[in-house]
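Undergrad: sequence unknown, structure follows:
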């Protein structure tokens, strides 16, 4: 997707577009609760998110130049504007026809640098619409954020088709992703995240940063994939953690009965005390269980 215009011309065209609040009003783009929509309209914030998505060695002036960026749920296009202005070629996946119509002037301004795909993100194989090594940057719809993230973390083969992922989620979800063993937030999402990526909670945003304001704070998270762990099957790790944390107050010899008829044997092979509880296990211990359970 080579952009025939220069980045300066692209930025000038985007800067001439109507303010985002006017775009929302003129397109009757009232956020839908059923779609988990909470729109960002402050370009200072979206510019910061776009800079967070940059790769090592990127220039300050055009931090995403030369990169294809996958955006999920662009809505009226605030983050899309920032990504394009940072030099990215953007593939935006949107299911709301109202938002697609609202994005039309931005697509004209950006030229071939913006591709809009009308699709349900929960049913889309993203690896088929972006090239290998694409970056992910999105303000994820809150009601489908977790299954989308788990899909990214469970990609096969690994390392995945994406080179890094930077996204906005509810702060509670972000805290679950970076939680350490022994903490209340430590669970299935933390284990899968740490097994596959280095996760960083970059910054928080208050409810009033969004239209309409959600009832919770939000956080920007960045994921950088780790090298593959030989023998690790993400789906098996998911099954092990689902069983272990499904009854997290029970000891492992009980909670893992939904995974295997002989949990004591599995735990003995992993050199794990069956009287321990899931939240006390390290990520490496969960990986060992998954390798043995495969």
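TA: In hand now; what should we look at? These numbers were taken from a predicted model, which means no experiment stands behind them. Residues are numbered from 1 along each chain as shown.
Undergrad: Give the burial count for residue 54, as a bare number.
TA: By the criterion of other C-beta atoms under 10 Å, residue 54 has 22 neighbours. C-betas here are computed from N, CA, C, even on glycine.
Undergrad: Hmm, residue 65 and it touching each other?
TA: No: Residue 54 lies out of contact with residue 65 (C-beta atoms under 8 Å); the separation is 9.4 Å.
Undergrad: Look up the residues that both of those two are in contact with.
TA: Overlap of the contact sets of residue 54 and residue 65 (by C-beta atoms under 8 Å, 6 or more residues apart in numbering) consists of residue 86.
Undergrad: Determine how far stretch 193-212 lies from the middle of the whole chain.
TA: Taking C-alpha atoms, centre = their mean, to the nearest Å, one finds the center of stretch 193-212 at 9 Å from the center of the full chain.
Undergrad: The residue nearest to residue 141 when sequence neighbours are not counted: how many residues sit nearby?
TA: Leaving aside its chain neighbours, residue 141 sits nearest to residue 36 (3.5 Å; criterion: C-beta to C-beta, 6 or more residues apart in numbering). Each residue near residue 36 was counted by other C-beta under 10 Å, and the total is 16.
Undergrad: contacting residues around residue 36?
TA: Contacts for residue 36 were tallied using C-beta under 8 Å, 6+ apart; they are 73, 141, 142, 143, 144, 145.
Undergrad: what's near enough to touch the closest residue to the first one other than its chain neighbours?
TA: Put plainly, it is residue 73. Nearest residue to residue 73 in three dimensions, chain neighbours excluded: residue 141, at 4.8 Å (C-beta to C-beta, 6+ apart). Residues in contact with residue 141, defined by C-beta under 8 Å, 6+ apart, are 35, 36, 37, 72, 73, 121.
Undergrad: Please produce a markdown table containing those, extended by pLDDT.
TA: Output for the contacts of residue 141, formatted as a markdown table (pLDDT from 0 to 100):
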| residue | pLDDT |
| --- | --- |
| 35 | 79 |
| 36 | 79 |
| 37 | 83 |
| 72 | 97 |
| 73 | 94 |
| 121 | 95 |
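Undergrad: which among the residues you listed gets closest to residue 136?
TA: Residue 136 has its nearest neighbour among those in residue 72, at 7.7 Å by C-beta to C-beta.
Undergrad: That closest one against residue 130, yeah?
TA: No: at 11.2 Å, residue 72 and residue 130 do not qualify as touching, with contact defined as C-beta under 8 Å.
Undergrad: The two - which one has more neighbours?
TA: Set residue 72 next to residue 130 and count neighbours by other C-beta under 10 Å: residue 72 wins out with 25 against 21.
Undergrad: could you say what helices and strands the lowest-mean-pLDDT helix or strand in the chain packs with?
TA: When each helix and strand of the chain is scored by mean pLDDT, DSSP states H and E, strand 210-211 comes last, with a mean of 88. For strand 210-211, the elements it packs on are strand 39-40, judged by 3 or more C-beta pairs under 8 Å, 6 or more residues apart in numbering; DSSP states H and E.
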